[in-house]
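>>> here is a sequence together with a model predicted from it:
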Amino acid sequence: MPRAVNPSSFAAACTRLAERDAFPALVLAAMLVFLLRLTPHQLVADSWLALVAGREIVDNGLPAGDTLAVWTHGTTWIDQQWLAHVALYALAAAAGIKAALAANVAAVIGAFVGAAVASRRLGASGRSVAFVALPCMFASFWAYQLRAQSLAYPLFVAVLWLLASDARNPSRRVLLVLPLLVVWTNVHGSVVLGALLVVLYGAVTAVRALTRRATTSSAAVARALTVAAAAPLCLFASPYGLSLADYYRSILLNSSLSRVVVEWQASTPSALTAVFFALAFATVWLVGRHGASLTPFERVALGVTLLGGLLAIRSIVWFALAALMFVPVLLDHASPVRELPKRRLSILLVAAAAIGAVGATADAARLPAAWYAQNEPGAAGDAVAVAASRDPHARIFATEPYADFLLWQHPELGGRIAFDVRFELFSDDQFRRVLALYELRRSWRETLRGFRLVVLERSRTSLVRALLDEGGARVIYGDGETVVIRRGADR
């Protein structure tokens, strides 16, 4: 029979836990409140694509060729993220978009909690974890949107934690990175980063063993080399198999993406990236001064994720998670913790964190679905659907924020919309045509040839004026964000 729990011992354990982790608990609770209050802003073009793709898979099976868009009709479509798409669609279909948003928040906050716990297990103090968590939270706040990538954050943390733990205390648990990579392969293309980290871990372990700089056992080296060798194979553990090679190439080696999608552009100093650069500079300085407190692999992981964040804005989030895991260890060596917070203060902080987290969660559950949909361009979509129903042959040119939303809310528009955010399906000529339109080059009208309805952001004022200058063009819907224009019959 299990032994009865001693109430006094349990209370003492909770008090010790509160003393050690009061500050991280408060910061992470604040992040949860922040995420829950901003859920309406987490619905973006990739959100609608995830739901549309999930519905396509549930209704018709894994896609092979595109049938949703005009420009890419018949093009091979490899939905590498099929598992994430099906999961998000299943939640939205069963309990509404509110459930999908809740899962997104859970994945994001779960990844940050996991990184914080990992940092504590690696020896960092609660004070340093809390201090580093603040900039890490805001270094990539735009990356918390509802999309397949969010579901990969906990997988990244789990893989990195296993590798870091094995570098310090080798064990058979490191083999768990392989099934995690297999799941990740079917969730999001960022699995390439995960596989790269595993390969680098094997290389670092082998080099240290060969140079006798570590006393790692032969069994531990063999396990490290095994997972390193198997990691690239995991990138193809999908129903698409070796066909994924072309998908990875179309994403990672496509220089045209950065010309259309801001997130694929290199990070440069700006208001958007200010926190990232501050965190990056602090990390480099701490590694330079106290790098010996980290293992060689941990320093490599920080360097690789930092380089990724510099190469593409969308990759900053991986550096933020890695920094939360490793930088607190560096900070403790730069400024050692002298004492724990007072017991009464610790209990008050943990209570405040618990009350805030529970209150925000309860409030989010109480809010109606309309509150979560407040930023949806629903009225614009209805206007497009009505106009399209009156003219069954009219094709629709919708810019990225609207294309997949139209396909989600009005499935009957499938096959009539120019393109959506699956830019990996584009040819070089199609990229040029989109850029010609957005930059109003001389050939911009060729891009819109054959499209009677145009849906675009009101902020594209020059393009709106140019369209309305055409004979017979008129606005059939407009609000503060969106404009729907019906062009003349001869266009």
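Arrived safely, thanks for sending.
>>> contacts, neighbours, all on C-alpha from now
Will do.
>>> all strands of the stretch 351-491 of the chain, in order?
Taking DSSP state E, counting those that start in this stretch, the strands of the stretch 351-491 of the chain run over residues 396-398, 453-457, 474-478, 482-486.
>>> which of these has the highest mean neighbour count?
strand 396-398 (a mean of 26; mean count of other C-alpha atoms under 10 Å).
>>> now that strand: how far from the chain's centre is it?
Its chain's C-alpha centre and that of strand 396-398 lie 27 Å apart, by C-alpha atoms, centre = their mean, to the nearest Å.
>>> can I get the strands of the stretch 351-491 of the chain in JSON lines including distance to Trp264 and mean pLDDT?
Below are the strands of the stretch 351-491 of the chain laid out as JSON lines (distance: least, C-alpha to C-alpha, whole Å; pLDDT from 0 to 100):
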{"stretch": "strand 396-398", "distance to Trp264": "21", "mean pLDDT": "96"}
{"stretch": "strand 453-457", "distance to Trp264": "20", "mean pLDDT": "95"}
{"stretch": "strand 474-478", "distance to Trp264": "30", "mean pLDDT": "93"}
{"stretch": "strand 482-486", "distance to Trp264": "24", "mean pLDDT": "94"}
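>>> in the stretch 251-400 of the chain, which spans are helices?
257-260, 274-290, 296-311, 316-334, 343-366, 369-372, 378-390, 400-409 (DSSP state H, counting those that start in this stretch).
>>> what's the closest of those helices to Val198?
helix 296-311 (9.8 Å; C-alpha to C-alpha).
>>> looking at the helices of the stretch 251-400 of the chain, spot the one closest to Val177.
Closest approach to Val177 among these is made by helix 296-311 (15.3 Å; C-alpha to C-alpha).
>>> thinking again about what came up before, single out the most deeply packed of the helices of the stretch 251-400 of the chain.
Each of the helices of the stretch 251-400 of the chain was assessed for mean neighbour count using mean count of other C-alpha under 10 Å. The highest is helix 316-334, with a mean of 25.
>>> that one packs against which elements?
Helix 316-334 is packed against helix 97-121, helix 126-138, helix 148-168, helix 274-290, helix 296-311, with contacts defined by 3 or more C-alpha pairs under 8 Å, 6 or more residues apart in numbering; DSSP states H and E.
>>> show the average pLDDT along the last one.
Right, helix 296-311. Mean per-residue pLDDT for helix 296-311: 96.
>>> list the contacts of the residue nearest to Arg486 when sequence neighbours are not counted.
Leaving out its chain neighbours, the residue that sits closest to Arg486 by C-alpha to C-alpha, 6 or more residues apart in numbering is Leu453, at 4.8 Å. By C-alpha atoms under 8 Å, 6 or more residues apart in numbering, Leu453 lies in contact with Val384, Ala394, Arg395, Ile396, Phe397, Val484, Ile485, Arg486, Arg487.
>>> nearest to Ser250, of these?
Comparing these against Ser250 with C-alpha to C-alpha places Phe397 closest, at 23.7 Å.
>>> looking at strand pairing, list the partners for the closest one.
Under DSSP bridges, the beta-bridge partners of Phe397 are Val454.
>>> how about the contacts made by Gly308?
Ser315, Ile316, Phe319.
>>> looking at these, spot the one nearest Val284.
Each of the contacts of Gly308 was scored against Val284 by C-alpha to C-alpha, and Phe319 proved nearest at 12.3 Å.
>>> if I look at that closest one, how far off is Asn186?
Distance of Phe319 to Asn186, computed by C-alpha to C-alpha, to the nearest Å: 22 Å.
>>> ditto for Leu160
18 Å.
>>> then Ala364?
30 Å.
>>> likewise for Gly241?
According to C-alpha to C-alpha, Gly241 stands 11 Å off from Asn186.
>>> thinking again about what came up before, Ala53: which of the helices and strands packed on helix 316-334 is closest?
Taking C-alpha to C-alpha, helix 148-168 is the member of these nearest to Ala53, at 10.9 Å.
>>> how about that closest one: buried residues?
For helix 148-168, burial by neighbour count (16 or more other C-alpha atoms under 10 Å) applies to 148-167.
>>> kindly report the same for stretch 245-263.
Here stretch 245-263 shows Tyr247, Tyr248, Ser250, Ile251, Ser256, Leu257, Val260, Glu263 as buried, counting by 16+ other C-alpha under 10 Å.
>>> burial measure for the residue nearest to Gln430 when sequence neighbours are not counted, as a count.
Nearest residue to Gln430, sequence neighbours excluded (C-alpha to C-alpha, 6+ apart): Trp71, at 7.9 Å. By other C-alpha atoms under 10 Å, the residues close to Trp71 number 19.
>>> looks like Trp71 contacts Phe419 (just checking).
Yes: assessed by C-alpha atoms under 8 Å, Trp71 is found in contact with Phe419 at 6.0 Å.
>>> circling back to that earlier point, of the helices of the stretch 251-400 of the chain, which approaches Ala139 most closely?
Closest to Ala139 of those is helix 274-290 (C-alpha to C-alpha; 4.6 Å).
>>> low-scoring stretches of the stretch 301-450 of the chain, by residue?
Scanning the stretch 301-450 of the chain for pLDDT under 70 picks out the ranges 337-347, 349.
>>> ok, 50 please
Within the stretch 301-450 of the chain, no stretch has pLDDT under 50.
>>> TSV please, covering the strands of the stretch 351-491 of the chain and showing distance to Phe281.
Formatted as TSV, the strands of the stretch 351-491 of the chain follow (distance: least, C-alpha to C-alpha, whole Å):
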stretch	distance to Phe281
strand 396-398	40
strand 453-457	36
strand 474-478	45
strand 482-486	40
